[in-house]
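# Just a sequence and a predicted model for now, questions to come.
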Amino acid sequence: MERRLIFSRSTDVRRRITSIITLAMVALATAIVLVPLIAVVWYTVGEGIAGLTWEFFTHLPTPVGESGGGMANAIVGSGIVVGLASVVAVPVGIAAAIFITEYASARLASAIRFVTEIMLGLPSILLGIFTYAVLVKPMGRFSAYAGALALSIVMLPIVIKTTEEILRLVPQHIREAGLALGIPQWVVVLRIVLRAAVRGILTGVLLSVARAAGETAPLLFTALNNRFWHSGLDQPIATLPVQIFTYAVAPYDDWHRQAWAGALVLIALVLVLSIVLRLVVSRTQLDSEQ
Amino acid sequence: MSADVTTTSPIAPSRSLLSKRSSKVGNTVFVAICAVAGASVLLIVTAIVVQLVVESQPTIRRFGISFLTRSVWDPVAEDFGALPFIYGTLVSSLLAMIIAVPLSVGAAIFLAEIARGWLRSVVSFLIEALAAVPSVVYGIWGVFILVPWLTEHVATPLAERWGEHIPLLAPPAIGPSMLSAAVILAIMVTPIVASVARDVLSAIPRMQREAAYALGATRWEVIRTVLGSARWGIFGAIVLGLGRALGETMAVTMVIGNDPSIHVSILQPAYTLSSVIANEFTEATTPLYLSALVTLGLVLLLATLVVNIVARVLVWSVARRYR
Amino acid sequence: MDAPRQPTNVTEHHRSPIEHETTSHSTDHADERYRIVTEQLSVYFDGKPAIRDVSMVIRTNKVTAIIGPSGCGKSTFLRALNRLHEIQPNARVSGRILLDGEDIMSMDATLVRRRIGMVFQKPNPFPAMSIFDNVVAGLRFNGVRKRSVLAEIAEEALRRAALWDEVKDRLRAPATSLSGGQQQRLCIARALAIEPEVLLMDEPTSALDPIATAKIEELIYELKRSYTIVVVTHNMQQAARVSDYTAFMYLGELVEFDKTRNIFTNPSKRQTEEYITGRFG
C-alpha cells in the first residue's frame, strides 16, 4: 500500500504531459527538416520551367548579351564524363566488393570497409586537387578524362559500399550449391552470386551515377568548362553542374534563367532516379529472399 | 557428344562434356583482379594524402607553422595565411551543427521510434531525397531565394535590434554571409545526421524498449532510455555530419560572400577552405600560390580525416555492441 | 542426457573398414564394390575436432544413411566427402577419403564435386534463374554451351528427378515459383545433370511437408539403381525406409555402421539402441 504513495497522481499527469509535448516537438522538428526540400523543389520548378525550352536542350550557349542559347553541350558533356567515370568505377567497385565479401579475411575486409567509409567522407574538392596533380598537370591540359577520373573516385566508395551490402545478403547456401556442382569458385561468384544480387547492385550503381552527375567541385579544375562542343576527350568539356555554377554566379539575368533550368534538369534526374530506386528496392531487395 | 556410357551412368555423356581444365588458373586470376580492386581504395586514399603533403612542401618551407595562424591572403605579394579560411570553415560548420543537430536528431527519433508504416517510408524517402539534391542546386537556391529571404527576415532585424550591442550580430547585413552559409550547410547535413542516427537507434534491441514500458515509463521516457544507450552512436552521426559540413564546397561558395578576412559578426561575409580552393585554383599562376591552395586542401583533409575516423568508430561501436 | 560422454569402445573405429565389415554380419556382400572409403577421417574447426577418426565405406549403388543427434558431426562428415568444408577457412582435415581408390584431397576440388554431387537441407535453387537455367547451371558454367545438348540433358535430369511432367510447360519460369518439394527435386535434377557417381543428401526432406517428403524418398529409392547415395537424416524412420546401410554417429565419432536391418533390429552398441529407441537425441 505504501508503494502507491511514491507515484503521486500529479507526477503521473506531469510525466504524461511532458511526454506528449516532447513528442510533438519531435514531430515538429521532422516537419521543419522537410521544409527546405519542398522549398528547393518548389523554386527550382518555378524558376526553371520557363527556361526548359527545346532550344535549351539543343543549342550551344550564346555569347554574353545575346539572349537564347542552351546547354546542349553541357548535358552531353555530363553524360560523357559520368559515363567514362562509370566505366572505371563500376567494375572496380564491384570487384572490390567481391574481394571484401568473398575472399578477404575478416580483418582485411573490415580494414577495406573502413577506408571505403573514410573515402566516402572525403571532401570532393580534394579529389579535384588530386586529379589535377596526377592527370591534368602531366597531360598539360584540362580534359574530359580528368573529369571522369575525379568523378570515378567519387563513385567508387558508393559502388563498393552498396554492392558489398547486397552481396552479404546473398545466402551462403547459394554459393555452396554452386560449388557442389563442381563449378569453379570464381564462376560461382560471377555467374551465380552476382546474378542473385544484380538488382541491388544496379541500385547502387544508379545511386552513384546520380551522385556523380550532380558533383561540381571535382570538375572545376579537371574537366574545366567549354563554351562549345568538346573537340576530343583530351580537351576541356562542359558539364551541367559546372555550367549551372558558372551561370548562377554571373551577373546576367538570362544566364540565371538558364542556370535554373539546368538545376531543374539535375534535380529531376536525381529525384526520378531516387524514386525509381526506391520502388525497385522496396519491391525486393534480393530475388532470393522468399 | 561422345557416348562413353558407363554401367552406372545412363545419361553419362554429360560429364565427358564438361571442361576438364583445372579451376586453379581462373580462380587465381579472378582473386588477383578483385584483390587489386580492393587494394585500390587503400591506394587512392594513401595517394591523396601523400600528394597533398608533397605539394604542400613549398608553402610549409616558406611560412612554416605560422601559415595556419596568419590572416593575410595576398596572391600578388605571394603572402599567404590560412587563418581566415580555417576560421570560416570552423565557424560556419559549427553554426550549421547548432542548427542541424536538434532538428536531425528529432527527425531520427521520429523515424525510428514514432512513425510507423507508410508515414515512416514517406518521411524516410523525403529525407533521402534531401540528401540526394546536388550541392550546386542548393547553391543556386541559396543565392537567389535563401540569401535574400534571410537578409530581409532574419539578418536585418537581428542587426537592427541587437547589432549595436552584440558584435556577433553587428551590421551591415548586406546578403551573403557566414549565417547564410551556416543555414545552407545545416540543410545539407541534416539528412545525413538524421539517417545515420536513425540507423543507430534502430540497432538498439526492441527488448530495451519493452523493458522500459514494462516499468510503466511513458513513451518519451522510453525514448529517453533508448537515446541513452545510443548516445555515442548519435554523437558519431553528428560528427559525421560535421565532417560533411567541413568539406562542403559549392553551395557554401555561392552564399558565404568569399571575403578572406575575419569578421566577428556572423551577418558578414566569410570564406572557407574549400571555397577558396574552388574559386582560385585555376587562377593560381605561381607555384607558391598553387601550393598555398593545396596546403589549404591538406588542412581540410586532415580535419575531415580525423572527424570521419572518430565518427566511424563511434557509430560502429554502437552497431557492434548490439549486433 | 544419460548417455556416457565417450563411446565405451573406441578401438572399433581405428580398424580398417574391411575388418570392421567382417566383424559385422554382412559377409554375404563381400563382392560389393566400395565407391568411397574414408580412413580415420577427422575434421577440425579452429583446431577443435568436429568429427574424429571416422572410417567408413560407401557401397556402390546402395543408399547409406547417416543418423545421429544434431551436432554429432553427420553433416560435417558429408560435407567433407566432396570437400565442401574447404569454403570455411577455419576448417582442417586429416585422414583420407578415397573415391574409387583415389585420394580426393589430391584431386582438383571441382572435379571431385562433379563426381560427388550434393543436395542440401533447404532447397536452394539459384535465384534469378529459370527452372531450365537451374538444371543446366552445372553444365553451362563448366563450359557446355550447345543448346540442344543442354535441352536434352535437362529433360533427362528432370525426368530422373520425377519433376519433368510438372514443369515441362514452364521451363522458363523462375525456379523460385516452384513449391518447396518441387524446388528440392529441382535441386536433385540440377545435381544429376552433371552426372555424378555419388549423390550426397544433407537432410533433404527436413524442410518439406510429408507429401513432398514421400516423393523424395520414393525418388531416392529409384535413383539408387544408377547412383551411390549417402543421406544424412535426423529422421530414423526415413533412414529405415530408404537406406541399405546405416551409420550412427555420436559426438563426432562413428559409433556403429552396419546394414540398416541390423542397426534397427539388433544394434550391437548400447548407444545406438538408446538412440533408435528414442532414449536420447
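Arrived safely, thanks for sending.
# if I read this right, C:L158 contacts C:V135, doesn't it?
Yes - using CB atoms under 8 Å, C:L158 makes contact with C:V135 at a distance of 6.1 Å. Every C-beta, even on glycine, is put in place using the N, C-alpha and C of the backbone.
# Next, show the common contact partners of those two.
Shared between the contact lists of C:L158 and C:V135 (criterion: CB atoms under 8 Å, 6 or more residues apart in numbering or on different chains) are residues C:186, C:189.
# higher neighbour count, these two?
C:V135 (32 against 26; other CB atoms under 10 Å in any protein chain shown).
# Now do that one against A:G79, distance only.
Plainly put, C:V135 is 42 Å away from A:G79 if you go by CB to CB, to the nearest Å.
# Number of residues surrounding B:H153?
Neighbours of B:H153 (other CB under 10 Å): 10.
# Let me know the secondary structure of it.
Look at B:H153: counting by DSSP: H, G, I helix; E, B strand; the rest coil, its state is helix.
# pLDDT score for it?
As predicted, B:H153 sits at a pLDDT of 93.
# where's the nearest residue to C:S179 once chain neighbours are set aside, which helix or strand?
Once flanking residues are discounted, C:S179 sits nearest to C:A212: 7.3 Å by CB to CB, 6 or more residues apart in numbering or on different chains. Assigned by DSSP states H and E, C:A212 falls within helix C:210-223.
# what does C:E39 give?
strand C:34-45.
# Each with direction, which strands does that strand pair with?
strand C:48-59 (antiparallel), strand C:91-99 (antiparallel) (DSSP bridges).
# Output that strand as CSV, nothing but the C-alphas.
Extracted as CSV, the C-alpha positions of strand C:34-45 are listed here (Å, rounded to 0.1, in the frame of the first residue of the first chain):
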residue,chain,number,x,y,z
TYR,C,34,33.2,-49.6,-52.4
ARG,C,35,32.7,-46.3,-54.1
ILE,C,36,34.0,-44.2,-51.2
VAL,C,37,36.3,-45.3,-48.4
THR,C,38,37.1,-42.9,-45.5
GLU,C,39,40.1,-43.7,-43.4
GLN,C,40,40.3,-42.2,-40.0
LEU,C,41,38.7,-39.0,-41.3
SER,C,42,38.8,-36.1,-38.8
VAL,C,43,37.6,-32.6,-39.5
TYR,C,44,38.7,-29.7,-37.2
PHE,C,45,37.2,-26.2,-36.9
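# Surely B:L293 touches B:N279?
No - the pair B:L293 / B:N279 is not scored as a contact, 9.6 Å apart, by CB under 8 Å.
# can you pull the contacts of the residue nearest to the spatial centre of chain C?
Centroid-nearest residue in chain C, with CA atoms, centre = their mean: C:L200, separated by 2.7 Å. Counting by CB under 8 Å, 6+ apart, C:L200 touches C:78, C:81-82, C:116-119, C:229-232.
# you'd agree it is in a helix?
No - in this structure, C:L200 is strand, not part of a helix, as judged by three-state DSSP.
# ok, and the closest non-adjacent residue to it?
Closest residue to C:L200 apart from its sequence neighbours, by CB to CB, 6+ apart: C:M118 at 4.5 Å.
# do A:F56 as well
Closest to A:F56 by CB to CB, 6+ apart is A:G70, at 4.1 Å.
# Backbone dihedrals for that neighbour, please?
The phi/psi pair for A:G70 (degrees, to the nearest 10) reads phi -150, psi -160.
# Tell me how many other residues crowd it.
Considering only other CB under 10 Å, A:G70 is surrounded by 22 other residues.
# Contacts only, for it.
Applying CB under 8 Å, 6+ apart, the residues near A:G70 are A:53, A:55-61, A:258.
# if I look at it, how far off is chain B?
17 Å (CB to the nearest CB, to the nearest Å).
# doesn't C:A239 make contact with C:T64?
No - shown here, C:T64 and C:A239 do not form a contact pair, counting by CB under 8 Å, at 9.6 Å.
# any common contacting residues for the two?
Contacts common to C:T64 and C:A239, judged by CB under 8 Å, 6+ apart, are C:231, C:246.
# and A:I21, how far is that from chain C?
A:I21 is 49 Å from chain C, by CB to the nearest CB.
# Now do the SS call for that residue.
Assignment for A:I21 (three-state DSSP): helix.
# can you redo the strands paired with strand C:34-45 as JSON lines with mean neighbour count and mean pLDDT?
Below are the strands paired with strand C:34-45 laid out as JSON lines (neighbours: other CB atoms under 10 Å in any protein chain shown; pLDDT from 0 to 100):
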{"stretch": "strand C:48-59", "mean neighbour count": "20", "mean pLDDT": "93"}
{"stretch": "strand C:91-99", "mean neighbour count": "17", "mean pLDDT": "93"}
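# give the contact list for B:T46.
With contacts defined as CB under 8 Å, 6+ apart, B:T46 has no neighbours.
# name the element it belongs to?
Assigned by DSSP H and E, B:T46 falls in helix B:24-63.
# Residues touching the very next helix or strand once past that helix, excluding its own?
Under the assignment DSSP H and E, the closest C-terminal helix or strand after helix B:24-63 is strand B:73-74. Defining contact as CB under 8 Å, 6+ apart, one finds that strand B:73-74 is touched by B:79-81, B:84-85, B:260, B:276.
# what do you get for stretch A:161-174?
A:93-94, A:97-98, A:100-102, A:113, A:116-117, A:120, A:192-194, A:196-197, A:200-201, A:203-205, A:207-208, A:285-286, A:288-289, C:120, C:122, C:124, C:126-127.
# packing partners for the helix holding C:A212?
Packing partners of helix C:210-223 (3 or more CB pairs under 8 Å, 6 or more residues apart in numbering or on different chains; DSSP states H and E): helix C:180-193, strand C:228-232, helix C:236-242.
# now do 10 Å
strand C:63-67, helix C:147-160, helix C:180-193, strand C:198-202, strand C:228-232, helix C:236-242 (3 or more CB pairs under 10 Å, 6 or more residues apart in numbering or on different chains; DSSP states H and E).
# Let's see the pLDDT reported for the residue nearest to the centre of chain C.
At C:L200, pLDDT is 95.
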